[in-house]
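> Mind looking at a prediction? Sequence and model below.
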Amino acid sequence: MAIVIALQDVTFGYLETERPSLNRVTLEFSSGEFALVCGATGSGKSTLLRILNGLAPHFTGGALSGSVFIDGQDVTGLKPHDLALQVGFVNQQPESSFVTDTVEQELVYGMEQLGFERLQMEQSLEKVAALLEISHLLEKPLSWLSGGQQQRVAIAAALAAGQRILLLDEPTSALDPEAAAEIVGVLKSLAHDHGITVILVEHRIERVIELVDSVVVVANDGLVTKGSYEQFENYHLVPPVIGISTKLGWNPVTVSVAQAKAKWDQRPAPWKPIVNDYLRSKIALDVSGLSVSYKDVNAVSDVSLQVHSGEIVALMGKNGSGKSSVLWAIQGGGKRDSGSVTTEFGDPNSLSAEEKLCVLTLVPQKAADLLFLNSLADELQESDKYAQQSEPATSRIFEAMAGRLDPKIHPRDLSAGQQLALVLALQLVKGAGIVLLDEPTRGLDYAAKRSLAKQIRTLRSDGKAVLVASHDVEFVALVADRVLEINQGRLVSNQDVQTALGVGASHPTQLSQISMEHGLLHLGQIEGQQR
Amino acid sequence: MAIFAGVSQNAVSQILVAILALGTIFLFREDAPWSRSVKFYLFLAAFVVVARVLFRIIFNIQNPDEPTALFLPGLSVNLGFGPAVQLFGEVSYQALADGTTDGLRLAAIILSVAMASSLANPRTLLKSTPSVLYEIASAVSVAINLAPQMILSLQRVRKARSLRGRSKGLGSLAGTVIPVLEDAIESSLSLAASMDARGFGRKGNLSAAQVWIARLSSLGAVALLSIGSFLVLVGESQLTGGLVIALGLVSSVVTVRIYSKSQIRTRFDRDKFRLLDGLLLGVSFALFIAAWGGWLS
Amino acid sequence: MISMQGRWISKLSILFAGIGSVLMFAWPLLISSDSAAEADVAQVVFIALMPVMLTLVLVEIATGEIGSKQIALLGVLIALNAVIRLLGAGTAGIETAFFLIIIAGYVFGSGFGFLLGTGSLLVSALITGGVGPWLPFQMMAAGLIGIGAGLLPKFRSKKAKLAVLISYAVPASFGYGFLMTLWNWPFIAGTGSSLSYLAEAGIVENLIRFSQFQILTGGLIWDLGRAITTVLLIAITGGLLLATLQRAASKAGFVKPSTKEGASQTVARGF
């Protein structure tokens, strides 16, 4: 296997004073290798990727030292368009990297920029479209495609000029599990069947771990190691199926449900059941017969649910099943065609916007939509002023969740988890008793998700009623008391969490699949050597 | 075609042009947002004719020699500076006729341009810009692709704003524009990365001499065009002015050619030069020659 | 890359282009030929020449330092501004398109301001299908506003910056109105009415007639509306917009960082 990429003593950092993101990295990749790069949010994993095609430092800023070799040539410091012929790049959101408006144009865009001859472009176009099975989509406008199809187009566009190296930055983050699995399968075939070196940054490790050849771990201090699964002994941002090995000291580390199951069957570990110790007091939110339709589509049909104070209810369903519509209809900002919503203070629709914030609050999918000032301090102060609170009420709530941060940070520079905490603090400052969350886990890695789960549990012990919409099974297992499943606008089940996500359910957690024990849903229930 | 319409004075030929333009539009219109505004152009054209005539009527210059069509009381408005403005008064047939002709001329110009813009797909147009403008054309085509996304972004953010319980209206404007702007900036960076990673921005090298020539001819072109315009307007000799402008045009072409050499790109598209396009060009050209030769005035 | 020597020629070209295009707008004031027919020729010729002028300026700006980041940012801002313009369209005098052009021109420089002005008007026309012989002129006029904004003096304090922008917004709005009404004048008034331009008259007399035209046809009301809207929008959003655009400017490589690093091993440095 020929070495196609080599990094020698590469160091990369953004400011002289801070730690470097990458510290004296020396690595190699062979042709046809399928590699996974993982690391915490904010670590150098994305930077490592971008060094390989010049986007770092030319697009990201920062200083690079050391050498990078591609196909034996020293390419250190070259700009992205100089490396475009050898390296293809695919980003998280395919939509925001599309330059043209139809599939065909997008595929040839790279070749046009590189000055290919017309005939060559036609041949390559056919080849790459067949490779990614999108030949039938060539004439279609890009906006008509599904997420999975768009990602295929993005990959095809990156490989159209015959590039032999493909870099992908969290390509499945915007996709649902089925589409994600398909794309990962495509990537594996590109590597193993076609000899393309595929390097993938991903924090949802369980989606790819069984298919990759090697694992690169980027630690927070900039040190990088490459190897196989044994790396996970020291790396903890992992899904439960791997985390259980670390916790119980299994050797070698298990990376699939089947492997873990075999180990567990040999010697199961003791565990504690989930204790539903919430104070199930009065009903805080009562929804009955809720229906919402847009044009001819029934987004929500006759949904009824209740949430008590001190209870966390999860609303689960695929993308497009109506979860968001339900939340918005309850809050009153979204359409509500029929049905009633009752809280302690009446129907939210009858309250003014300001009064509403004292009763219930909604955190939308894209939390950053609510931020518009230039520093963390400004946002916190503005919120206090608006709520007529003496300082620093909002800061207190925020710090409880996210800790003390530099007040001059620009809100957009915060991590996804920190932004979510900020918006939550802004929304809670008026003391609302009902909290609605719409897909809060988007963009969060495992650690951030665990931390968010803890914050939400704190809300519960404060006596608030929480309704969370999410399709993330593991997260819901950490957080919810009850699970409501919604499909095409209709409620199909309403169960306690052990039944909904446990053995025999349609969406079991990894741990319940591994252990096959009723009532065991997440790692926190197992006593182990490490947490 | 527009030039011809502008030059000719005869009402009949105006109408001819107008009908031609309209006919072409109707025959070959494609269904797309930029072409459904035929009504708009018709309306505009009609509006212009009416406006011209009305203007003549309102701001009339009384000419006692001409037969009068309308008897209106004359008004005089004094604005405090300059001669008093004469309004209304006796309107002659000639004035009405002149107004109509002028208006028709304008309408014809507008409709010709309308025809051009209805039949042309802006995206195809962008592709056929001189390669030297490629970067700008890219920005424009990116903008066209993104505009619907911007609208969605705005709606989403407004909905989110309502969650914070703030008042709507001017006060919340900053809170709406800023998040959309921030989103736009972020997505522009990932767009730029995607473009660059695929090779955008490679440029061939021009020799230093070529660069100097290009710069100078560009300066020359602009200077010549400006001077030429000035001469045409102010000077007595139209010919000199015209010549200067022509020189300026030549300079422009030189500039564009030189810069084009530095572009490495190729183009993939499959548009063939359609027969229709050829026909239209031919007719327009013929009309142009006719006007020049003064046959149809 | 195109060499940097001789950049002053570029600037000179742009200067001349500015003058030349204003001429093309102002021809009714300047014209002094004898025959009305020739005046008509002039009118039409300028309709054809303005796009050429536009192209030349665009070429000059484009062959400078323009990379994908600037293009992408430009494209995104054009899309945003075009949408903003459409939001305010229709209502008399409410012209929402200019505040962003002015602020962006101030932050990013004249070249970008010109491109943003030109591009926004082009794209909003393309989207709505409102393309007409006025378009190149509108584009040039908006572009001129962008250029002007880039030439404004830069200050430290936010208040000072806002003050500069607002004081620019007023003459800029009226200037745009002036140019476009100038262009409209021959079209609406033609020749032969008491308010038309006279080919034989001199500048002063035509100026008087033009002013009368402006007042009586309510053009000034539109301009006032435009000025008020733009000033209000700048006042309300300016502070935050400036900061946001400033951040974007350093991210997109418009501004070189002021810190000087002396790392000897550094092989490559991005802005």
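Yep, that arrived.

> all contacts plus neighbour counts: C-alpha atoms, from now on.
OK.

> Nearest residue to the middle of chain A?
Taking Cα atoms, centre = their mean, the centroid of chain A lies closest to residue A:443, which sits 3.5 Å from it.

> now the closest residue in space to that residue that isn't next to it in sequence: how far from chain C?
Here the nearest residue to residue A:443 in space, its sequence neighbours aside, is residue A:416; by Cα to Cα, 6 or more residues apart in numbering or on different chains that works out to 6.1 Å. Using Cα to the nearest Cα, to the nearest Å, one obtains 19 Å as the distance from residue A:416 to chain C.

> Buried ones in stretch C:237-247, by neighbour count?
C:237-242, C:244-247 (16 or more other Cα atoms under 10 Å in any protein chain shown).

> pLDDT, distance to chain A and secondary structure for the residues you listed - can I get that in TSV?
Conversion of the buried residues of stretch C:237-247 to TSV gives the following (pLDDT from 0 to 100; distance: Cα to the nearest Cα, whole Å; DSSP: H, G, I helix; E, B strand; the rest coil):
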residue	pLDDT	distance to chain A	secondary structure
C:237	83	11	helix
C:238	84	12	helix
C:239	82	10	helix
C:240	84	7	helix
C:241	85	10	helix
C:242	87	10	helix
C:244	86	8	helix
C:245	87	11	helix
C:246	85	11	helix
C:247	84	10	helix
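
> Of those residues, which fall within the contact range of chain B?
With respect to chain B, and counting by Cα under 8 Å from any Cα of the partner chain, the subset of these in contact is C:237, C:240-241, C:244.

> from memory residue A:464 sits against residue A:285, does it?
No: under the contact definition of Cα atoms under 8 Å, residue A:464 does not touch residue A:285, with a separation of 10.5 Å.

> what is in contact with these two at once?
Among the neighbours of residue A:464, those also in contact with residue A:285 (Cα atoms under 8 Å, 6 or more residues apart in numbering or on different chains) are residue A:434.

> circling back to that earlier point, what does the residue nearest to residue A:443 show for phi and psi?
phi -60, psi -40 (degrees, to the nearest 10).

> Is it in contact with residue A:444, as I believe?
Yes: the pair residue A:416 / residue A:444 is scored as a contact, 6.3 Å apart, by Cα under 8 Å.

> circling back to that earlier point, which residues touch the residue nearest to the centre of chain A?
A:173, A:416-417.

> Top of those residues by number of neighbours, please.
Within these, most neighbours by other Cα atoms under 10 Å in any protein chain shown means residue A:417, with 23 neighbours.

> so which strand or helix has that one?
Under the criterion DSSP states H and E, the helix or strand holding residue A:417 is helix A:416-428.

> Give me the helices and strands touching that helix, please.
The helices and strands touching helix A:416-428, judged by 3 or more Cα pairs under 8 Å, 6 or more residues apart in numbering or on different chains; DSSP states H and E, are strand A:360-363, helix A:393-402, helix A:446-461.

> what do you get if the cut-off is 7 Å, keeping everything else the same?
Packing partners of helix A:416-428 (3 or more Cα pairs under 7 Å, 6 or more residues apart in numbering or on different chains; DSSP states H and E): helix A:393-402.

> any idea how far the residue nearest to residue A:443 lies from residue A:123?
43 Å (Cα to Cα, to the nearest Å).

> same deal with residue A:239?
Applying Cα to Cα, one obtains 43 Å for the distance of residue A:239 from residue A:123.

> Between those two, tell me which one has more neighbours.
The residue with more neighbours, out of residue A:239 and residue A:123 and counting by other Cα under 10 Å, is residue A:239; that gives 20 against 11.

> Please state the backbone phi and psi of that one?
Taking degrees, to the nearest 10, you get phi -70, psi 170 for the backbone angles of residue A:239.

> list the contacts for it?
Taking Cα atoms under 7 Å, 6 or more residues apart in numbering or on different chains as the definition of contact, the neighbours of residue A:239 are A:205-206.

> State the pLDDT value of it.
Among the per-residue scores, residue A:239 holds a pLDDT of 87.

> With residue A:132 instead?
The model reports residue A:132 with a pLDDT of 91.

> swap in residue C:194?
pLDDT, the model's per-residue confidence, is 58 for residue C:194.

> Next secondary structure after the helix or strand harbouring residue A:467?
Residue A:467 belongs to strand A:465-469 when assigned by DSSP H and E. Heading C-terminal from strand A:465-469, the first helix or strand you meet, by DSSP H and E, is helix A:473-479.

> The helix or strand residue C:107 falls within close to chain B?
Using DSSP H and E, the secondary-structure element containing residue C:107 is helix C:98-108. No: using Cα under 7 Å from any Cα of the partner chain, helix C:98-108 stays clear of chain B, with a minimum separation of 10.5 Å.

> Residues in contact with that helix: which ones?
For helix C:98-108, the external contacting residues (Cα under 7 Å, 6+ apart) are C:81, C:112-113, C:116-117, C:146-147, C:149-150, C:152, C:230, C:233-234, C:242, C:245-246, C:249, C:254.

> how about the residue of chain A positioned farthest from its centre, phi and psi?
Among the C-alpha atoms of chain A, the one most distant from their mean position (Cα atoms, centre = their mean) is that of residue A:119, at 41.1 Å. Geometry field for residue A:119 lists phi and psi as phi -60, psi -40, criterion degrees, to the nearest 10.

> circling back: what is the nearest of the ones next to chain B among the buried residues of stretch C:237-247 to chain B?
Comparing these against chain B with Cα to the nearest Cα picks out residue C:237 as the nearest, at 5.0 Å.

> so what's residue C:270 scoring on pLDDT?
Looking at residue C:270, its pLDDT is 40.

> now residue B:114
Checking the pLDDT column for residue B:114, the value is 64.

> pLDDT below threshold where in chain B?
Across chain B, the stretches falling below the confidence threshold (pLDDT under 70) are B:1-42, B:52, B:55-132, B:165-172, B:203-208, B:229-242, B:260-265, B:267-297.

> can you check the stretch 151-271 of chain C too?
Segments of the stretch 151-271 of chain C classed as low confidence (criterion: pLDDT under 70) are C:186-206, C:208-209, C:216-218, C:252-271.

> List phi and psi for the closest residue to chain A within the stretch 51-200 of chain B.
Here the residue of the stretch 51-200 of chain B nearest chain A is residue B:199; by Cα to the nearest Cα that distance is 4.0 Å. Reported as degrees, to the nearest 10, the phi and psi values for residue B:199 are phi 110, psi 0.

> With residue A:160 instead?
Here is the backbone geometry of residue A:160 (degrees, to the nearest 10): phi -60, psi -30.

> pLDDT score assigned to it?
In the predicted model, residue A:160 carries a pLDDT score of 91.

> Would you mind confirming that it makes contact with residue A:124?
Yes: if you go by Cα atoms under 7 Å, residue A:160 and residue A:124 touch, sitting 6.2 Å apart.

> the more surrounded of the two?
A side-by-side neighbour count of residue A:160 and residue A:124, using other Cα under 10 Å, places residue A:160 first with 26 against 19.
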